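Chemist: any chance you could fold what I've pasted below:
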Amino acid sequence: MRHRAIVPFALVCAILLSALSSGAQGEDQPTKPARAKRLLLIGQSPDGHPFSTHEYMAGVGIVAKLISRHARETVQTILVSGDEPWRDGPRMLDSADAAVVFVSEGGKWLHQDPQRLAAFKRLAKRGGGLVCLHWGMGAKEAKYIQEFRDLFGGCHGGPDRKYKVVETQLSVLAANHPIVRGIASITLREEFYYRLKLVDAKGFTPLMQAEIEGEAHTVCWAWERADGGRSFGFSGLHFHDNWNRPEYRRLVTQAALWTLKVEIPESGINVDVRSDVLKVPPRPIKAQERQSR
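Modeler: Purely as a prediction, here's the structure:
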């Protein structure tokens, strides 16, 4: 007589539990959400310019609020002062996906610490985003121009640098570019840097021009770099009052998101904010401010 094998009840239970567990780990199981992209917003203390100009920390603070509202789940904003000595800078840059630089004489600032410059280069090499605003793209000495330009796409530098306060039209050139979605040409008073040292490279796109001294000058650009990263620069933002313009808020916020490769809505993002967000906070009394340019 052939005897049937008797399978222990405990073994049957174990097999069933294993099958159920395997099914739970299949295609129907929700995937773990991707890590939020980290955006480092670097400002500084006042640099000796009059109140309501070169308001670096107030400016990047506005961008932080707008991005946090628009992309809270996908972008983590990290607001930081880049005042010297910025010892945590290299470590913070190494954990960031993009950086906005709104500081005094940014070309020189980038070179103040060799480890800082190396960290920016590492960020670019791994396809990170780079944004420079106003004096954050500047350098008095020509020796700082090339390495800065090779990272950000342009530099306002050297003894032949040009800047001027003008009432002029800021005109959109590349109307189909995601950064300028929802932005029209505007007339305003601004101090623009012009005759900038710009890269001559594939993927470089002039975005906006300003008429200065009878000529049209590129004052804003986007650059899709060969390393897979993206860079943006805008030479305006001398006067803090211009943050009251929705076009300015949209331009800089969308630029930062674009460098992070975040999709920009066709009509542009909502940049409405309370009026108190746009005000400049009182400056602290300091014994000595850094020398202005």
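Chemist: where do the helices sit along the chain?
Modeler: If DSSP state H is used as the criterion, the helices of the chain fall at 9-24, 56-70, 89-94, 106-111, 114-125, 145-152, 246-259.
Chemist: please state the offset of stretch 212-222 from the chain centre?
Modeler: Computed by Cα atoms, centre = their mean, to the nearest Å, the chain-centroid distance of stretch 212-222 equals 21 Å.
Chemist: with stretch 127-138 instead?
Modeler: Counting by Cα atoms, centre = their mean, stretch 127-138 comes out at 7 Å from the chain centroid.
Chemist: okay, that stretch in PDB with CA atoms only?
Modeler: What follows is stretch 127-138, C-alpha atoms only, in PDB (Å, rounded to 0.1, in the frame of the first residue of the first chain):
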ATOM      1  CA  GLY A 127      24.700  67.900 -13.100                       C
ATOM      2  CA  GLY A 128      23.700  70.400 -10.400                       C
ATOM      3  CA  GLY A 129      22.000  73.700 -10.900                       C
ATOM      4  CA  LEU A 130      23.800  77.100 -10.600                       C
ATOM      5  CA  VAL A 131      22.100  80.500 -10.300                       C
ATOM      6  CA  CYS A 132      23.800  83.900 -10.000                       C
ATOM      7  CA  LEU A 133      22.100  87.200  -9.300                       C
ATOM      8  CA  HIS A 134      23.400  90.800  -9.700                       C
ATOM      9  CA  TRP A 135      26.700  91.300  -7.800                       C
ATOM     10  CA  GLY A 136      26.700  87.600  -7.100                       C
ATOM     11  CA  MET A 137      28.100  87.300 -10.700                       C
ATOM     12  CA  GLY A 138      30.700  90.000 -10.200                       C
END
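Chemist: and that stretch, average pLDDT?
Modeler: Computed over stretch 127-138, the mean pLDDT rounds to 98.
Chemist: show me what counts as buried in that stretch.
Modeler: Across stretch 127-138, burial judged by 16 or more other Cβ atoms under 10 Å covers Gly128, Gly129, Leu130, Val131, Cys132, Leu133, His134, Trp135, Gly136, Met137, Gly138. C-beta here means a position set from N, CA and C on the backbone, and glycine is covered the same way.
Chemist: closest to Ile212 out of those residues?
Modeler: His134 (15.2 Å; Cβ to Cβ).
Chemist: residues contacting the closest residue in space to that closest one that isn't next to it in sequence?
Modeler: Nearest residue to His134 in three dimensions, chain neighbours excluded: Leu237, at 4.3 Å (Cβ to Cβ, 6 or more residues apart in numbering). Going by Cβ atoms under 8 Å, 6 or more residues apart in numbering, Leu237 touches Gly59, Phe102, Leu133, His134, Trp243, Tyr248, Val252.
Chemist: so what's Val75 up against?
Modeler: Val75 neighbours (Cβ under 8 Å, 6+ apart): Ala36, Lys37, Arg38, Leu39, Ile67, Ser68, Leu257, Leu260, Val262.
Chemist: need the contact list for the fourth one.
Modeler: In other words, Leu39. 67, 75-78, 96-100, 129, 256, 260.
Chemist: and those as CSV, adding distance to Gly106?
Modeler: Shown next, in CSV, are those (distance: Cβ to Cβ, whole Å):
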residue, distance to Gly106
Ile67, 20
Val75, 22
Gln76, 23
Thr77, 20
Ile78, 18
Ala96, 16
Asp97, 20
Ala98, 15
Ala99, 11
Val100, 11
Gly129, 16
Ala256, 16
Leu260, 20
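Chemist: now the buried members of those residues.
Modeler: Buried among the contacts of Leu39 by 16+ other Cβ under 10 Å: Ile67, Val75, Gln76, Thr77, Ala96, Asp97, Ala98, Ala99, Val100, Gly129, Ala256, Leu260.
Chemist: on that earlier part again, of the contacts of Leu237, closest to Glu211?
Modeler: For those, the residue nearest Glu211 by Cβ to Cβ is Tyr248; the value is 17.8 Å.
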